[in-house]
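Student: Pasted the sequence and its predicted model underneath.
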Amino acid sequence: MSTILRLQQVSKSYRSGGRDLRVLDDITFSVEAGSTLAIVGPSGSGKTTLLGLCAGLDRSTSGSVELHDTRLDELNEDQLAAVRNRYVGFIFQNFQLLPTLTALENVMVPLELRQEKNIRPRALELLDKVGLADRGHHYPAQLSGGEQQRVSLARAFSNQPRILFADEPTGNLDAETSEKVVKLLFDLNREAGTTLVLVTHDLDLAAKTQRILNMKGGKLISDES
Ligand code: ADP
């Protein structure tokens with residue numbers, strides 16, 4: 001087994017009201033390539049911040065974050081974006097689709113960034129995989145929450161990420177849609193070996209992963225396999 005993600009003594013503070021607010025405090029853990037992991041804990045405990053640091057969307061105040069043998073904390077913004085495009089998929093809690101692009105165009109964006117070929121048919125294939133082949137020409141506002149989440153999944157899958165981070169992937173979905181989304185995520189792990197790191201309040205979803213990290217007040221308080 002190889003390690004795909006390694007955090008060592010990571011802390012993160014925000015400057016707020018003239019003082020430093022420490023939201024992550026001395027976090028150390030590693031993740032095996034191909035494994036599944038859930039991060040749980042009360043609201044405000046730092047889960048989303050931690051996920052953003054691991055995915056190279058945000059920076060630590062101190063400590064090291066190593067993804068796929070690259071120290072993210074030592075990269076400039078362009079290098080960080082290149083690592084994200086190459087290895088990382090991210091699913092946001094509120095989907096974050098581009099409102100002026102259709103579903104199909106949203107899925108095409110990462111492929112265009114990578115200057116890939118046959119972008120349109122590949123994006124259509126991905127939409128088909130999430131059951132939305134007939135919604136390609138719809139804009140996000142014309143889609144239900146569950147459909148938007150599935151478009152965001154198709155977009156996250158499009159660069160064939162080695163590791164997929166998902167922030168509350170089922171948070172805004174009804175039970176039936178939630179089940180579909182969870183199946184897509186775990187299929188991706190099983191079929192392509194994509195490492196899954198999920199932040200969730202849903203303990204049933206967390207129980208489906210191989211390992212659960214529990215956070216409280218910016219600290220990692222338990223790590224159970
Ligand atoms: P969780 O995902 O567990 O709910 P978050 O990581 O979103 O927790 O937030 C952890 C803490 O960091 C919270 O107290 C939140 O208010 C604070 N926080 C998050 N983002 C910022 C920011 N950009 N500026 C200041 N404080 C922030």
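Tutor: Perfect, thanks for sending it.
Student: any idea how far the most centrally placed residue in the chain lies from the ligand?
Tutor: Closest residue to the average C-alpha location of the chain: F165 at 2.0 Å, with Cα atoms, centre = their mean. Going from F165 to the ligand by Cβ to the nearest ligand atom, to the nearest Å gives 12 Å. Yep, even glycine has a C-beta here, placed from its N, CA and C like the rest.
Student: Make sure that residue is actually in contact with V88.
Tutor: Yes. At 6.9 Å, F165 and V88 qualify as touching, with contact defined as Cβ atoms under 8 Å.
Student: Which residues are in contact with the residue nearest to the centre of the chain?
Tutor: Counting by Cβ atoms under 8 Å, 6 or more residues apart in numbering, F165 makes contact with L51, C54, A55, V88, G89, F90, I91, V197, L198, V199.
Student: Check what contacts the lengthiest helix in the chain and list those residues.
Tutor: Using DSSP state H to define each element, the chain has its longest helix at helix 175-192. Applying Cβ under 8 Å, 6+ apart, the contact partners of helix 175-192 are 34, 36, 129-131, 145-146, 149-150, 153, 157, 160, 164, 166, 169-170, 173, 194-196, 198, 202, 205, 208.
Student: That one: how far from the chain's middle?
Tutor: 14 Å (Cα atoms, centre = their mean, to the nearest Å).
Student: can you check stretch 94-114 too?
Tutor: Relative to its parent chain, stretch 94-114 has a centroid offset of 16 Å by Cα atoms, centre = their mean.
Student: does any bit of that stretch sit next to the ligand?
Tutor: No. Judged by Cβ under 6 Å from any ligand atom, stretch 94-114 stays clear of the ligand, getting no closer than 12.5 Å.
Student: Would you tell me which residues of the protein are close to the ligand?
Tutor: Applying Cβ under 6 Å from any ligand atom, we find that the chain lies next to the ligand at Y14, S16, L21, V23, G41, S43, G44, S45, G46, K47, T48, T49.
Student: what do you get if the cut-off is 5 Å, keeping everything else the same?
Tutor: With the criterion set to Cβ under 5 Å from any ligand atom, the chain comes near the ligand through Y14, V23, S43, G44, S45, G46, K47, T48, T49.
Student: Select, from those, the two members most distant in space.
Tutor: Greatest spacing in the residues of the chain next to the ligand, by Cβ to Cβ: Y14 and S43 (16.2 Å).
Student: Same drill for the two, tell me which one is more crowded.
Tutor: Between Y14 and S43, counting by other Cβ atoms under 10 Å, Y14 is the more crowded of the two (11 against 7).
Student: Could you check which helix or strand contains the more buried one?
Tutor: Using DSSP states H and E, Y14 sits in strand 3-16.
Student: right, and M108 touches A123 too?
Tutor: Yes. Between M108 and A123 there is a contact under Cβ under 8 Å: 4.5 Å.
Student: Please, where are all the helices along this structure?
Tutor: For the chain, the helices defined by DSSP H occupy 47-54, 77-87, 103-113, 119-129, 145-157, 175-192, 203-207.
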